[in-house]
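# No sequence on hand, only this structure:
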């Protein structure tokens, strides 16, 4: 009788453990990783996130960006997160994170979106700052920060937001290590 109870307890523990593993107790999903990569108000003092970040997967990208979704989808788009930021005195920018199938797909999009006229910044794998926007490639991700003006305040915020985002993406891409 006691042996039968022990086997039932072991079976129950295995069932509960399997349930938790299969129902998401594995850490954040990929889209949560993208949301985690966005800077908060504390990260960018004076810049307030406007509303909830917008997300898209697959063909839903057409709902977020007008006119460019087809190119992303053609190159292997997976998911995106877009967040708007604003200061009290009216400066604004949008931060967009696009996850592609792989690094090569991201490189193709980056090449499509940039040219040699921008200022090279040492962010991510590649980056260029134009008059009012910044593109960065980090692994299989493209980070685009678009200012609604070309002021120094906005350019500084674009750069800092991209730096934070790329740093978080790079951190999430590190292979997990096990140290017994």
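Thanks, I have it. Note that the structure is a prediction, hence the values are computed from the model and not measured.

# Next, the distance between the ends of stretch 59-75.
Length of stretch 59-75, first residue to last, C-alpha to C-alpha, to the nearest Å: 13 Å.

# now it: mean pLDDT?
Average pLDDT, stretch 59-75: 91.

# Work out the gap between it and the centre of the chain.
In this view, stretch 59-75 has its centroid 16 Å away from the chain centroid, taken as C-alpha atoms, centre = their mean, to the nearest Å.

# For that stretch, buried residues please.
By 16 or more other C-beta atoms under 10 Å, the buried positions in stretch 59-75 come out as 61, 64-65, 69, 72, 75. C-beta coordinates here come from the backbone N, C-alpha and C atoms, glycine included.

# Quick one: residues in contact with it.
Residues outside stretch 59-75 that contact it (C-beta atoms under 8 Å, 6 or more residues apart in numbering): 54, 56, 58, 77, 80, 82, 96, 98, 100, 105, 108-109, 112.

# and residue 121, how far is that from residue 162?
Separation of residue 121 from residue 162 (C-beta to C-beta, to the nearest Å): 8 Å.

# which two from the buried residues of stretch 59-75 end up farthest apart in space?
Farthest-apart pair in the buried residues of stretch 59-75 is 64 and 75; separation 16.1 Å (C-beta to C-beta).

# Would you confirm that residue 109 contacts residue 143?
No: Residue 109 lies out of contact with residue 143 (C-beta atoms under 8 Å); the separation is 11.2 Å.
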